[in-house]
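Trainee: Show me how the following folds:
(2 chains)
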There are 2 protein chains.
Amino acid sequence: MTEEPSKLALFTDLYELTMLQAYFEEEMTQEAVFSLFVRRLPPQRNFLLACGLDTVLNYLENLSFSDDDLAYLASLGKFSKRFLNWLRDFRFTGDVYAVSEGTPIFTNEPLLEIVAPLPQAQLVETYVMNQIHLQTLLASKAQRVVTAAQGRLVVDFGARRMHGIDAALKGSRAFYIAGVKATSNMLAGKNFGIPVMGTMAHSYIQAHADEAAAFAAFTQLYPDTVLLVDTYDTLAGVRKVIALAKTLGEDFQVKAVRLDSGDLLTLARESRQLLDEAGLEQVSIFASGGLDEYTIAKLVSANAPINGFGVGTNMGVSNDVPALDIAYKLCEYAGQARLKLSPGKSILPGRKQIFRLTENNQAVKDIIARFDENLPGRPLLVPVMHRGKRLVAGRVELEAIREYAQQQIAPLPSHVRAISQASPPYPVQISSELSLLQKKIKEQVAIN
Amino acid sequence: MTEEPSKLALFTDLYELTMLQAYFEEEMTQEAVFSLFVRRLPPQRNFLLACGLDTVLNYLENLSFSDDDLAYLASLGKFSKRFLNWLRDFRFTGDVYAVSEGTPIFTNEPLLEIVAPLPQAQLVETYVMNQIHLQTLLASKAQRVVTAAQGRLVVDFGARRMHGIDAALKGSRAFYIAGVKATSNMLAGKNFGIPVMGTMAHSYIQAHADEAAAFAAFTQLYPDTVLLVDTYDTLAGVRKVIALAKTLGEDFQVKAVRLDSGDLLTLARESRQLLDEAGLEQVSIFASGGLDEYTIAKLVSANAPINGFGVGTNMGVSNDVPALDIAYKLCEYAGQARLKLSPGKSILPGRKQIFRLTENNQAVKDIIARFDENLPGRPLLVPVMHRGKRLVAGRVELEAIREYAQQQIAPLPSHVRAISQASPPYPVQISSELSLLQKKIKEQVAIN
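Mentor: Okay, here's the model as predicted:
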């Protein structure tokens, strides 16, 4: 990580702190339950892949205000000395229930629920939302790209146009969880142990007197490299690779050529033919340049002779869905279930559980229930933090998360795993007990 | 900042480092020029607002590899000891020419050009692109939101759904430069000195026994606050504010009510009427919830009685254009102009300058020229770093940048400043000398 979790206490909205001071003054510090969920899936997403829990737990474990932070708050003239003194000792001491990273989730299903004294559960809203949103958004997008590639290599090339350093780092991890094989991002490789991959840039070719000289120099240093062939003319570039193979004979070990522009389907076919005619069947073709799940699906269904894809910006910013309608809402306070009635923004009250029902190893439906109901199916929300300390279920190795994600995606119905819109969508029901509670609370609110 | 610039040397793509080792082995360390530009503007952007230079210069001044970084690189088995030793002393010692932050720029215009030994100019590609892309993207979006609001207050509420911590922090700064008045993001307030603003959340209302009690408690602590009225029923919420005003009499100082859902135009009109009938003309109306420049423009043109807008996700992720076609390309090496010919991805060769021509204080056209041409108009690229050290022009206070941006936007033709697509687009020409050079280099490349 580049950011220190202990320096993030002020990564919060002003209103969280003004509300905190009000809770402090009103002595409203009883237990609250906040639920984090996505209000509705966009039509381009049949499910989301939960991601970001590790970051959030790390933040909750380390949350505290520095002297610097408190001095800044004091300078605003909005906060009392008593309140700022209380903030000095502020720690997160609550419990967290969450679905494991790599779990497919659907509309209204809580990704996590925080059970903590009201001020604590309130303050963390901004950071918790920011990180779960980012990482779930990017894992969900990458999962579609991997699906479209149907087993072909997918490498993350997104760092240069993703939204900032944090997005690029957390994104590389989210992509890896979703099944992407490697990243070009060295800091992500170092921080998370993700495999790193790369080829060469046009600038390397351009800086040499000619393309053939550049290919020769690069392969001398990196015999089993990937050569970028589109700087001047893709097929002429491929012919120079073939000429190099003739010159080098048995020393020629180039793994692949990379196409980065133009009509990738036609160029891949023509390049494949040239390479095959030259007896270079072992040289594979790697493609990049504006790819996403839709363009990859087209190439794959046209049997493009492409062995791997470098996917950058479109995956990196989740171009078709750059944000999710994620919300973090109070659903219980002081033992009383709560909701709101704003149009299009309603809440399922109280602590909840998700049950996923399977038949013959296929997921058939989810039921969102009250947390203490005992329904058939696997409960997805598990305790990951207790009294501010991580539990074992909240500390999972990256490789295990990646494997778990594949295990959880596989049982989904095939039309839900597809990149086209699922019709019908995966069924998610509300249990009758939860419906009853929602009705009861609505009536209570209406009376007020 | 949360990230330490000295810890970002590995925020680069693997291929930058493999190319660096090749340059090192081939002794290709002569001076290179790389140009950062946007290949084409999307139809939803008539211009871009350059942003991010300060971050980039800070990075260049502090760039170095730690022992940790070098140990990680050694562990990959791709890099020689000689090369890693050379990396240990790696510093950026080049020059940077850039347009000032807050300058409107157009297709193909360099936002910056880096003149440095080839390995240095190459390595920094990933970080430089990432930051200029992010900040220019977000400043450009925010400028449109501010334009649409026609002088009404715009506040940044984006932190919770922007792409990570870095995007939210740098974004708040970019928004402020573009004319946004304040942010809800406390860490951005602390780091950059941006004014902070906030209201209250639904959770505060929900946690109280009823809405009226919540309003009373909050105004007791914050008499001149903004009350959120849509938790249960917007107009009923407004009536409770009016009742509170009657109870408090002269002590009632509430500044505004906030609408956050539903049909904002109708609700604003009805709320305004209720407030006015109660003699509360001084209570203004603040709106939020899924806003962007398009919805704000509609509300403003319908004369919605809304005095300010809280804008979050759509501005924060630049929802209609979540990425720009930005490129960082070698255009000169060892005194020779360079280009590439990949379809749709061509380059203007050599070092360049942009001249902006004005007539009667209105910008009429730009000319992209060779850097040593002397054309009419103001040259936009200025030296901001020399031999790795910032120059005065590279160290500008945030308030000055914000003011400069307004001064530079004002002279653009009104149809270019509008949020609808400019037809014709702002004219950008290539000078005849630069065209000639491009033609000459193309011919040279074709001969190879």
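Trainee: And the strands in the stretch 251-400 of chain A?
Mentor: A:256-259, A:284-288, A:308-311, A:326-333, A:336-337, A:352-359, A:362-370, A:378-379, A:382-386, A:389-390 (DSSP state E, counting those that start in this stretch).
Trainee: And chain A, what are its domain boundaries?
Mentor: Listed by automatic domain parsing, the domain ranges of chain A are A:5-138+A:321-335+A:350-423, A:199-288.
Trainee: between those domains, which gets nearest to B:Leu235?
Mentor: B:Leu235 lies closest to domain A:5-138+A:321-335+A:350-423 among the domains of chain A, at 22.3 Å (Cβ to Cβ). Quick note: C-beta positions are derived from backbone N, CA and C, even for glycine.
Trainee: Now find how far off-centre the closest one is within its chain.
Mentor: Relative to its chain's centre, domain A:5-138+A:321-335+A:350-423 lies at 14 Å (Cα atoms, centre = their mean, to the nearest Å).
Trainee: now stretch A:202-215
Mentor: Stretch A:202-215 has its C-alpha centroid displaced from the chain centroid by 37 Å (Cα atoms, centre = their mean).
Trainee: if we can go back for a sec, and the strands of the stretch 251-400 of chain A as a markdown table, adding distance to chain B?
Mentor: Listed next are those as a markdown table, based on distance: least, Cβ to the nearest Cβ, whole Å:
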| stretch | distance to chain B |
| --- | --- |
| strand A:256-259 | 10 |
| strand A:284-288 | 11 |
| strand A:308-311 | 10 |
| strand A:326-333 | 4 |
| strand A:336-337 | 9 |
| strand A:352-359 | 16 |
| strand A:362-370 | 18 |
| strand A:378-379 | 26 |
| strand A:382-386 | 20 |
| strand A:389-390 | 21 |
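Trainee: Least reliable of those strands by average pLDDT, please.
Mentor: If you rank those by mean pLDDT, strand A:336-337 sits at the bottom with a mean of 90.
Trainee: Can you give the strand pairings for that strand, parallel or anti for each?
Mentor: Within its sheet, and counting by DSSP bridges, strand A:336-337 is paired with strand A:326-333 (antiparallel).
Trainee: what angle sits between the partner strand and strand A:352-359?
Mentor: Strand A:326-333 and strand A:352-359 are oriented at 120 degrees to each other (axes from the mean of the first three to the mean of the last three Cα atoms, to 10 degrees).
Trainee: the bottom helix or strand of chain A by mean pLDDT?
Mentor: Across the helices and strands of chain A, the lowest-confidence element by mean pLDDT, DSSP states H and E is helix A:432-447, at a mean of 87.
Trainee: what does that helix rub up against?
Mentor: For helix A:432-447, contacts defined as Cβ atoms under 8 Å, 6 or more residues apart in numbering or on different chains pick out A:337-339, A:341, A:348-350, A:352, A:368-370, A:373, A:430, B:232.
Trainee: cutoff 10 Å now
Mentor: Applying Cβ atoms under 10 Å, 6 or more residues apart in numbering or on different chains, the contact partners of helix A:432-447 are A:331-332, A:336-341, A:346-350, A:352-353, A:367-373, A:375, A:429-431, B:206, B:210-211, B:231-233.
Trainee: With only the CA atoms kept, save it in CSV.
Mentor: What follows is helix A:432-447 as a C-alpha-only set of coordinates in CSV (Å, rounded to 0.1, in the frame of the first residue of the first chain):
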residue,chain,number,x,y,z
SER,A,432,-41.2,-13.5,4.8
GLU,A,433,-39.9,-12.5,8.2
LEU,A,434,-37.8,-9.7,6.7
SER,A,435,-40.8,-8.5,4.6
LEU,A,436,-42.9,-8.5,7.7
LEU,A,437,-40.4,-6.4,9.6
GLN,A,438,-40.1,-4.0,6.7
LYS,A,439,-43.9,-3.5,6.7
LYS,A,440,-44.0,-3.1,10.4
ILE,A,441,-41.3,-0.4,10.5
LYS,A,442,-42.9,1.4,7.5
GLU,A,443,-46.1,1.6,9.4
GLN,A,444,-44.4,3.0,12.5
VAL,A,445,-42.6,5.6,10.5
ALA,A,446,-45.9,6.6,8.8
ILE,A,447,-47.5,7.2,12.2
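Trainee: Report how many residues lie close to the closest residue to A:Lys345 other than its chain neighbours.
Mentor: Spatial nearest neighbour of A:Lys345, excluding adjacent residues (Cβ to Cβ, 6 or more residues apart in numbering or on different chains): B:Ser261 at 5.6 Å. When neighbours are counted by other Cβ atoms under 10 Å in any protein chain shown, B:Ser261 registers 20.
Trainee: Check which helix or strand A:Tyr97 maps to.
Mentor: strand A:95-98 (DSSP states H and E).
Trainee: Does anything pack onto that strand? Which helices or strands?
Mentor: Under the contact criterion of 3 or more Cβ pairs under 10 Å, 6 or more residues apart in numbering or on different chains; DSSP states H and E, strand A:95-98 touches strand A:31-38, helix A:53-62, strand A:112-117, strand A:382-386.
Trainee: Quickly run through the sheet partners of that strand, with directions.
Mentor: Applying DSSP bridges, strand A:95-98 is found paired with strand A:112-117 (antiparallel), strand A:382-386 (antiparallel).
Trainee: Export only the CA atoms of the first one, formatted as CSV.
Mentor: C-alpha atoms of strand A:112-117 as CSV (Å, rounded to 0.1, in the frame of the first residue of the first chain):
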residue,chain,number,x,y,z
LEU,A,112,-21.0,-6.1,4.8
GLU,A,113,-22.8,-5.0,7.9
ILE,A,114,-21.0,-3.1,10.6
VAL,A,115,-22.3,-3.4,14.2
ALA,A,116,-20.7,-0.8,16.4
PRO,A,117,-21.5,2.2,18.6
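Trainee: Let me see the mean pLDDT of it.
Mentor: The average of the pLDDT scores along strand A:112-117 is 98.
Trainee: that older thread, I'd like the domains of chain A as JSON lines, with distance to B:Gly316 appended.
Mentor: Formatted as JSON lines, those follow (distance: least, Cβ to Cβ, whole Å):
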{"stretch": "domain A:5-138+A:321-335+A:350-423", "distance to B:Gly316": "8"}
{"stretch": "domain A:199-288", "distance to B:Gly316": "28"}
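Trainee: just checking, the residue nearest to A:Lys345 touches A:Gly344?
Mentor: Yes: in terms of Cβ atoms under 10 Å, B:Ser261 counts as a neighbour of A:Gly344; the distance is 6.5 Å.
Trainee: Which residues are in contact with each of those two?
Mentor: Going by Cβ under 10 Å, 6+ apart, residues that sit against B:Ser261 and also against A:Gly344 are B:Gly289, B:Gly290.
Trainee: Flag every buried residue along the longest helix seen in chain A.
Mentor: For chain A, the longest helix by residue count, based on DSSP state H, is helix A:125-149. Across helix A:125-149, burial judged by 16 or more other Cβ atoms under 10 Å in any protein chain shown covers A:125-149.
Trainee: just checking: which of those residues also lie near chain B?
Mentor: Among the buried residues of helix A:125-149, the residues within reach of chain B (Cβ under 10 Å from any Cβ of the partner chain) are A:125-135, A:137-138.
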